[in-house]
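Chemist: turn this into a structure:
(2 chains)
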Protein chains: 2
Amino acid sequence: MKRVIFHDLITLDEAKEILVSRARPLGVEEVPLEEAYGRVLAEDVYSPVDVPPFDRSTVDGYAVVSADLAGASEISPVKLTLKGRVEAGGFPDFELSRGEAAEVATGAPIPRGADAVVMVEYTSEREGAVVVYRSVYPGENVVPAGSDFSAGELILRKCTRLTQREIGVLAAAGVRRPRVYRRPKVAIISTGNELEEPGVPLARGKLYDVNTYSLAAAVVESGGAPIIVGRARDDLEEYREILGKALAAADLVLISGGTSAGMADLTYRVLGDMGRVLFHGIKVRPGKPTIAAEVDGKIVVGLPGYPPSALMIFHSVVRPALLSMQCMRQTPPAVYRARLSMRTEGAKGRRSLYPVVLINKGGYVAYPLNAESGLISVLARADGYIVIPEDVEFMEEGEEVEVYLFERYTPASLYFIGSNDIFLDRILAKFDVKAIYVGSMGGILAVKRGEADVAGTHMLDPETGEYNSPVIRRLGVKGAVLVRGFAREQGLVVARGNPKGIRGFEDLLRSDVVMVNRPRGTGTRTLLDMKLEEIAKGRGISVEELAKNIRGYTHEVRTHTAVAAAVAQGRADVGLAIRYAAEIYGLDFIPVGWEIYDLLIREEALERAGPIIEELKRASEMPPGYKRLPETGEVVAKF
Amino acid sequence: MKRVIFHDLITLDEAKEILVSRARPLGVEEVPLEEAYGRVLAEDVYSPVDVPPFDRSTVDGYAVVSADLAGASEISPVKLTLKGRVEAGGFPDFELSRGEAAEVATGAPIPRGADAVVMVEYTSEREGAVVVYRSVYPGENVVPAGSDFSAGELILRKCTRLTQREIGVLAAAGVRRPRVYRRPKVAIISTGNELEEPGVPLARGKLYDVNTYSLAAAVVESGGAPIIVGRARDDLEEYREILGKALAAADLVLISGGTSAGMADLTYRVLGDMGRVLFHGIKVRPGKPTIAAEVDGKIVVGLPGYPPSALMIFHSVVRPALLSMQCMRQTPPAVYRARLSMRTEGAKGRRSLYPVVLINKGGYVAYPLNAESGLISVLARADGYIVIPEDVEFMEEGEEVEVYLFERYTPASLYFIGSNDIFLDRILAKFDVKAIYVGSMGGILAVKRGEADVAGTHMLDPETGEYNSPVIRRLGVKGAVLVRGFAREQGLVVARGNPKGIRGFEDLLRSDVVMVNRPRGTGTRTLLDMKLEEIAKGRGISVEELAKNIRGYTHEVRTHTAVAAAVAQGRADVGLAIRYAAEIYGLDFIPVGWEIYDLLIREEALERAGPIIEELKRASEMPPGYKRLPETGEVVAKF
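Modeler: Numbers count the residues shown, from 1 in each chain, chains lettered A, B, ... in the order given. The predicted structure is shown next:
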């Protein structure tokens, strides 16, 4: 089996610098103003004209010589000779002298000699004369020519990103087609024999290519134009051909994946053959196997395969280079300061990147996630990432960190943290709620710390046999109420027709039966262990002893439907889950009992959560295996 | 002269609500994933597959039954039978029983019966057997099937905006063509006889159409697709035709301008004839004349004519409706909390909007600008706007305000506030500097308050005849240094050939001469008033008396080049300005003397300003009428 050897690992900053130092702005092109949004100016722009181009009235009224109106009032009005009229878009072919006035519309030029405009409200016009009832100061209601900017004045600098405002400035100066930098074309290749294009039916052992599409979106966010080249397999000739195609079409090439040593090795060899390797290996976790090369004067970067890792390394190393290619400044979409929600470890001599969920609870709290699992749900939940320096062993809970956002951040009006339930999720989907699924226990603790407004929980207390309240009380939650949710039917999920003839928990001990389990801290796992406890007691042994004889007891999956999926695909024969999961997969279901799923709500969030509770009470259609309870929607306990 | 009568003024919130309540999501379309960035989901998305679809190894190594390796170590390794190999992309056609192992690559499925993977580092393989030197816990190095999300699980909610992360999630679930809402098509019409298309030579009395382009950019930022329809003049038939065209092509129509009463009245009449007016007039300053109508079931909004006003009303009223049409949440790009830089007045019963410049000085400071002047430079400088409620008479300097940003905000590494100089501007353009031009006095005060890092100043002290230092000391600046800049030649700018035969300041008193002046607080104005003081003394009268006899003395323009522009266009015969401005316009120049332009730098910013000072010292080519001084780039005073 091959192993990748890294020779000279460099730091994340060095890696960034190597790419940025090679990134030059590409060609220049003219674009019409209406297509210039977000583009970057390729030259300083000097105004070719004065703006405004003439002394302009800001009101409907009469242009006057202000000195004529000294002392004018309702009691002693001043009469001026009407010399002419000027409409917006017209131009006066006369001058004003003392004692004269000209009617001017808003936006119209005032005649030479005039130095102010008196508003029409303070005048009356009759028989070729204007009577004015108040004085004006010099310059009143007039915007002088060139007072915005003058011909020859620098109005916008090279490398300015054109937004609403800059586009308005260019229009005012009459610049119809600004010269901007060409957008970098970025070719994207995914590697790995296991990757399949989304939309195509998935063969066994295959999974869908994620990086191609998330990276393409990241390229767009960075101002580049992505070119999707395709997927490369572990085949030298095919790989070279695809890379050649990418280099011909693009200014920069991104390769992602190659999670297996064979594929990573192939990337290293092909890049070394076709060009010059710039670096191979970064002192960072995750992202160590990142590689960069220069081929035909173009940069090629090989990113890690796990989607959250690929995205963090893209943002840390590639995005700065992409911005440099457009002469843009190297800032992330935004940096937020936040408190760490838990003690988080560094990576001993390597810089450590953690994807985080950002929650606004007055101040911001950052929940670190583990990127190394390669879970897509990490990608789905992460608002950005934090960086722990190489010389830091760990950062404490509550320490301030900088969060580098992937995109602009939109806080939600209510934060839900806790156990995932399919029925509740459909209710939450109707509201402005940010939901994070971390199991019942994680939810209760998040409410305790004040980070969640609402937790979803179905924790059975083994001693009392009661759901939720005893556990919440034992965890010391204060300032929260428990609102009764609904009941879900739990049972053993088995293949259709129950080929193994499973009847109850005793059958889990059979040597021909493989089970699939849920993790500790979930309500379902607690229920299972209670049932096993009874069996163990009957046999006079501990649960631990008993569990050793259960095949698959240590095989844990995250959700009810994952239990059903494992049974449906033959990876397990049985698992404990809710009836609804069995229904989705068309499996048989042996009822065990009803569990209670409740909402733990912080007192100050009760009003905001009101509409959700109302919806819960109202919901008429419940999925199979769900039932309403007499107290559904009522407060059943206070802490 | 017509005046617009407003009948029932409504509040800004009511106006927004009227539009939002009529905004419905438009049709639904499928887009390929690589074009889905920024689009909004039109339906809940449930995963059609388990993700990952199989129990997946996260490392290169051997799939094992963890119980077999209990107690395995370097000293007592465990030998397992090699049952087979699984590559990434392959699928095992065998099961593992106790005592067996299978080689698996990163990303490959593990065989049924295995519950962990031991990394290749802790193994050696020989003769069909694997020797393992450490134990593994159940689930180690395995991501179970469905642990990300399971078939049937809600993965993304309707109305979710698709960013890098959501696109990754869709790809993982195999969703190739998500169903998204159609982007709203927004037709844009500018009105006013004075408007000309940018790029076309400007006739006298005309100015370039700004709103069409800045609004088009604002529409893009809001997720809409702008359609530029054109400019409408004060002509009923033409107006109706253009509006008909816009309604046929778009989902929403924006009309801007109609600054003159005639044009505004025409808009009101046409909208009333063609459809139903929803509101006419909002209790807001600026933006009172805003009008909305429903024509053929589509919304038409008439925005104010001044570009900063049009943009603020767009953001307050139209953008929320545009977002609703895409089922997006109604948040501005961002809201920043900032301190007000100066006392700012409300609008007595009307809500008041002020464009602001946002500066990051530890906390944020918001500089209010006056939108009512219609100046484009206000648009250029404003990062966003603040809202003063109708019942607030004024807000104090230092009070906290919310700043609604037009676009995402990028702080600069150095803030320059002060007098505008063409030569310095070219130097600043090379650095990451945000420059705001408010004159010498405004710059000195901004450094004093700590809001600017650097001020550019050329203030002559009339008593000592010395530049800058005496004025800065008198203003009580502390903790700053004065760095010598350069000298600029000041003089009287007159038409080419000097047709009026002007020789000096005495000529300003002639009745056939019209001057153009600079505002109080500028160095140039101070120089002029010193020269006039001498003349006044000689005649035994005050400067004020003398100034009354100078035509155009009260006509003030903002920049040196604006002085030259006024002379070049015949609006004035003479003005005091720097030689360089005369050169740009090909005018004659009567030298008066050299003034000194210095940089006032806060001590803590001196290091950051270092490269600018170096560049100033180095700059070899100086424009005409500029000269270096012996102390250029040196600290000449400390405060």
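
Chemist: helices of the stretch 301-450 of chain A, residue ranges please.
Modeler: Remark: helices assigned in the stretch 301-450 of chain A by DSSP state H, counting those that start in this stretch are A:307-313, A:319-324, A:376-381, A:422-428, A:439-449.

Chemist: the third one and chain B, any residue contact?
Modeler: Yes - applying C-beta under 8 Å from any C-beta of the partner chain, one finds helix A:376-381 in contact with chain B at A:376, A:377, A:379, A:380. (Each C-beta comes from the backbone N, C-alpha and C, glycine too.)

Chemist: elements contacting that helix?
Modeler: Under the contact criterion of 3 or more C-beta pairs under 8 Å, 6 or more residues apart in numbering or on different chains; DSSP states H and E, helix A:376-381 touches helix A:307-313, strand A:351-361, helix B:164-172.

Chemist: what's the offset of that helix from the middle of its chain?
Modeler: From the chain centre to the centre of helix A:376-381 is a distance of 10 Å (C-alpha atoms, centre = their mean, to the nearest Å).

Chemist: avg pLDDT for it?
Modeler: Across helix A:376-381, pLDDT averages out at 79.

Chemist: buried ones in it?
Modeler: Under the neighbour-count criterion of 16 or more other C-beta atoms under 10 Å in any protein chain shown, helix A:376-381 has A:376, A:377, A:378, A:379, A:380, A:381 buried.

Chemist: which residues touch the host helix or strand of residue A:279?
Modeler: Using DSSP states H and E, residue A:279 sits within strand A:276-280. With C-beta atoms under 8 Å, 6 or more residues apart in numbering or on different chains as the test, strand A:276-280 has contacts from A:6-8, A:10, A:14-15, A:18-19, A:22, A:268, A:271, A:290-295, A:299.

Chemist: what does stretch A:435-449 give?
Modeler: Applying C-beta under 8 Å, 6+ apart, the contact partners of stretch A:435-449 are A:341, A:357, A:367, A:377, A:381, A:415-420, A:425, A:428, A:452-459, A:471-472, A:475-478, A:480, A:519, A:521-523, A:600-602.

Chemist: quick one: which of those residues sit in strands?
Modeler: In strands, defined here by DSSP state E, the members of the contacts of stretch A:435-449 are A:357, A:367, A:415-418, A:454-457, A:480, A:600-602.

Chemist: any idea which of these is closest to residue A:171?
Modeler: The closest of the ones in strands among the contacts of stretch A:435-449 to residue A:171 turns out to be residue A:357 (C-beta to C-beta; 41.6 Å).

Chemist: okay, now residue A:349: neighbour count?
Modeler: 10 (other C-beta atoms under 10 Å in any protein chain shown).

Chemist: pLDDT at the closest residue to it other than its chain neighbours, what is it?
Modeler: Excluding the flanking residues, the one nearest residue A:349 by C-beta to C-beta, 6 or more residues apart in numbering or on different chains is residue A:390, at 5.5 Å. pLDDT recorded at residue A:390 is 88.

Chemist: so what's the residue count around residue A:227?
Modeler: Residue A:227 has 19 neighbouring residues, counting by other C-beta under 10 Å.

Chemist: residues from the stretch 201-350 of chain A in reach of chain B?
Modeler: Going by C-beta under 8 Å from any C-beta, the residues of the stretch 201-350 of chain A near chain B are A:202-218, A:220-221, A:226, A:228, A:233, A:259-263, A:305, A:307, A:311, A:329, A:331, A:333-334.

Chemist: could you list which of those belong to helices?
Modeler: A:211-218, A:220-221, A:261-263, A:307, A:311 (DSSP state H).

Chemist: and the nearest residue to residue A:523 once chain neighbours are set aside, what does it touch?
Modeler: Once flanking residues are discounted, residue A:523 sits nearest to residue A:458: 3.6 Å by C-beta to C-beta, 6+ apart. By C-beta under 8 Å, 6+ apart, the residues touching residue A:458 are A:419, A:440, A:467, A:468, A:488, A:523, A:524, A:595, A:596, A:597, A:598.

Chemist: quick check: the farthest pair among those residues?
Modeler: Pairwise distances across the contacts of residue A:458 peak at 15.1 Å for A:524 and A:598 (criterion: C-beta to C-beta).

Chemist: can I get the longest helix along chain A in CSV, CA atoms only?
Modeler: The residue-count maximum for a helix in chain A (DSSP H) belongs to helix A:523-539. Taking Å, rounded to 0.1, in the frame of the first residue of the first chain, the C-alpha atoms of helix A:523-539 are listed here in CSV:
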residue,chain,number,x,y,z
GLY,A,523,-33.2,9.0,23.8
THR,A,524,-33.4,5.9,21.7
ARG,A,525,-30.1,4.5,23.0
THR,A,526,-31.2,5.1,26.5
LEU,A,527,-34.4,3.1,25.9
LEU,A,528,-32.4,0.3,24.3
ASP,A,529,-29.9,0.1,27.2
MET,A,530,-32.8,0.1,29.7
LYS,A,531,-34.3,-2.9,27.9
LEU,A,532,-30.9,-4.7,27.9
GLU,A,533,-30.5,-3.8,31.6
GLU,A,534,-33.6,-5.9,32.3
ILE,A,535,-32.3,-8.8,30.4
ALA,A,536,-28.8,-8.5,32.0
LYS,A,537,-30.4,-8.4,35.5
GLY,A,538,-32.3,-11.6,34.7
ARG,A,539,-29.0,-13.3,33.8
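
Chemist: give the rounded mean pLDDT of it.
Modeler: On average, helix A:523-539 scores 90.
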